[in-house]
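Participant: this one's structure only:
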């Protein structure tokens, strides 16, 4: 370890600071006394406009957010609009701030978005891979001692029939052994882009002596951190549609509306999950305990495993304690994925660094349902219920209907009448 | 297997048909009675102009080549100039020809080129990955039964301390087992681009039912196939410089000139090799025995393993039989790679399909030295001897001196006087 947070903190670039996790992360590190430069190209807001999607919880512009943060806490988050695929802009950020650490969320992060069509697949991979390559070169050329903290995904591993280790696996084969990168079976062009990134980062650690932490994160839930709760202007986004949202978010909105929870396929799909407060803690632990030079450290960043059926049951049980009955219905799975499989992923490294998990319980689920319940009049039932992208055939009628409908992100929508005929595609 | 070569043969797109292997491949399949559409964007010729490099053996334009081929054999190779990163052009090729198979060589294929600087690294990955994605979508949308034969590289695996299997490995871990993609440790941004491709292709086989053969090819040597020898206009290229050439090619030119053979580092770097005639045979075997739908078949395409020192010794011994003494000198390795390592790569699948290897012997080496000996007045000694790209620091003074010197590819060069001072960078 070559650096510690001095009294004045570390200079940290938070890339993708307009996103669901990026914005709370910027506040969290600012609160801890780090010098935070929040960077985003605001692409997510334009993708919302493209697809007719929006955050259920209204969110403010980045200038409004950092202004409110300063007003409430006296702390400064520097805000810069920049696109990682523009190397001149990246290089200028590094020349100006010479960061000691970079936290990299700045990628297209939706699997369904990457499966819409060729344009979206190629865009996702080119955007994510070339943005990360630019970052690697900027670090190598400007601040080679800088610690890269990169957000990967547990989805890089897929669902192998063996225990999932943290990044590497000791293989014994024909009487010889080696510790090698864990084989990946990514499930979408998006997940593949993260595998490509991981391979590129690992290479630069070996060849250039980069120091990197690749965080294979599970599905994040929750809306409240110590900071988002300070003021509605500091809220982070809540996605519930089939492109940007998660199954748990969808279930919470459906529960708030008293609708059946829609499970894709059999519902045995099991993944790792964590509370957004634990994401804050994990990334802070990685930041304050940096990787060594030449080290490509991989942490599996989640706290608990659930199947989709288990999540639906948890939501249903939370409602039951209020005397409410929740139906669970199964719809054709628009994705190609195993629906009944072995899943046991290790996640020890962050616990060893001191992580104290917040586990998913009824209180949290009730709190999310309560928060989103305040905005139920903003819910578009089609976006909530109908998957718009199929893994085999791409964007469907729902996607075509909603894309480029215009209007500002966050606008309250009503269900379009003509979509009454739309059936969820039955592809298994 | 759903198709066999009918009397009229298969319709095959050969992508990258202007390249070292692509051109002989197009002729070979045309000779066998297949309907060959030769496609290239001629990028390699522009990269030669960019870097001041050239084929030692003069090569003709694609129109001249296909004209001469028709004149000598009566057979037609259809020639189309197109760039795989232009989806409209790719889609038009598939709509027009509806190929039953595609042989895909059309990538930036030099490791040093990808390590020159950020521009070349990003270009290599974006070009290769997006070109291959375009191809996957064109097949999926136009001819889903088409067999994709993709050229990968043995360099995707790197040099693990265990036996290298063909694409997949059976892993037993904590009492459970699975057959998973073999872990990769690629050694350059170029090699990584091929790993990215392999992962993308494997995914489309799982999700779309693509049929694919991923050929992890070793280093190819030799100039003569049954077809290139018919006429000098049908020759294929011979690269000897440090960006596009191979160590064996460099040694053959150095031997022809009576110069010391320059080995990078200790010379224990071991790789798989094969004769260009075996490349013709391997790809023909893959074509005529296609993968099943949903199958992502991986063959390791090489016939023998050699260390660099063994290659230098083979060249030296071949000269000794003519009473000639050859010196071998070691220079600082511009690459970051293990120079003394375990290497045992399987290559059984193509033998099982019927491959009869041509092994590397003195006769072949003498024949190559004889051929290149006819062009020794075209050798630029700086390009022959001085590595121009370093894995840690990128393109060096030699690269900067030679890049954008202008002049047509294949132009005879003289050594630039000012490079007399240049030292090979001593980075280990």
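Facilitator: Received the coordinates, thanks. Given the structure is predicted, the values throughout are model-derived calculations rather than measurements.
Participant: how about the helices in chain A?
Facilitator: Using DSSP state H, the helices of chain A run over residues A:22-31, A:43-51, A:62-73, A:87-97, A:111-114, A:118-142, A:189-208, A:247-257, A:276-288, A:308-320, A:349-352, A:362-373, A:381-385, A:397-402.
Participant: where are the low-confidence patches of the stretch 301-428 of chain A?
Facilitator: For the stretch 301-428 of chain A, the stretches with pLDDT under 70 are A:406-428.
Participant: Can you tell me the number of residues neighbouring the residue of it found nearest chain B?
Facilitator: Per CB to the nearest CB, residue A:336 is where the stretch 301-428 of chain A lies closest to chain B, at 4.6 Å. Quick note: C-beta positions are derived from backbone N, CA and C, even for glycine. Counted with other CB atoms under 10 Å in any protein chain shown, the burial measure for residue A:336 works out to 17 neighbours.
Participant: tell me the phi and psi of it?
Facilitator: phi -100, psi 110 (degrees, to the nearest 10).
Participant: From residue B:45, how far out is the residue located most distally from the centre of chain A?
Facilitator: Most distant residue from the mean C-alpha position of chain A: residue A:175, 40.4 Å away (CA atoms, centre = their mean). Counting by CB to CB, to the nearest Å, the gap from residue A:175 to residue B:45 is 48 Å.
Participant: got it, and residue A:41?
Facilitator: Residue A:41 is 36 Å from residue B:45, by CB to CB.
Participant: How about residue A:24?
Facilitator: Taking CB to CB, one finds residue A:24 at 52 Å from residue B:45.
Participant: Neighbour count for the two, which is higher?
Facilitator: residue A:24 (25 against 20).
Participant: my read: the more buried one touches residue A:236, true?
Facilitator: Yes. Counting by CB atoms under 8 Å, residue A:24 touches residue A:236, with 5.2 Å between them.
Participant: okay, and the common contacts of these two?
Facilitator: Listed as contacting both residue A:24 and residue A:236 by CB atoms under 8 Å, 6 or more residues apart in numbering or on different chains are A:225, A:228, A:276.
Participant: restrict those residues to contacts with chain B.
Facilitator: Filtering these for proximity to chain B by CB under 8 Å from any CB of the partner chain leaves nothing.
Participant: nearest to residue A:57, of those?
Facilitator: For those, the closest approach to residue A:57 (CB to CB) belongs to residue A:228, at 9.3 Å.
Participant: residue contacts, residue A:388?
Facilitator: Going by CB under 8 Å, 6+ apart, the list of residues near residue A:388 reads A:51, A:112, A:241, A:242, A:243, A:395, A:396, A:398, A:399, A:402.
Participant: can you give me the strands for the stretch 151-300 of chain A?
Facilitator: A:168-173, A:176-181, A:211-217, A:219-221, A:261-264, A:270-275, A:296-301 (DSSP state E, counting those that start in this stretch).
Participant: Adding mean neighbour count and distance to chain B, write those strands out as TSV.
Facilitator: Formatted as TSV, those follow (neighbours: other CB atoms under 10 Å in any protein chain shown; distance: least, CB to the nearest CB, whole Å):
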stretch	mean neighbour count	distance to chain B
strand A:168-173	16	4
strand A:176-181	16	4
strand A:211-217	25	15
strand A:219-221	19	20
strand A:261-264	22	15
strand A:270-275	23	15
strand A:296-301	25	11
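Participant: Can you say which of those strands is nearest to residue B:300?
Facilitator: strand A:168-173 (15.3 Å).
Participant: Residue A:84 is nearest to which of the strands of the stretch 151-300 of chain A?
Facilitator: Nearest to residue A:84 among these is strand A:211-217 (15.9 Å), distances taken as CB to CB.
Participant: just checking, what packs against the closest one?
Facilitator: strand A:147-153, helix A:189-208, helix A:276-288, strand A:296-301 (3 or more CB pairs under 8 Å, 6 or more residues apart in numbering or on different chains; DSSP states H and E).
Participant: Now distance to residue B:180 too, for these, in a markdown table please.
Facilitator: As requested, the helices and strands packed on strand A:211-217 are exported to a markdown table (distance: least, CB to CB, whole Å):
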| stretch | distance to residue B:180 |
| --- | --- |
| strand A:147-153 | 18 |
| helix A:189-208 | 13 |
| helix A:276-288 | 27 |
| strand A:296-301 | 17 |
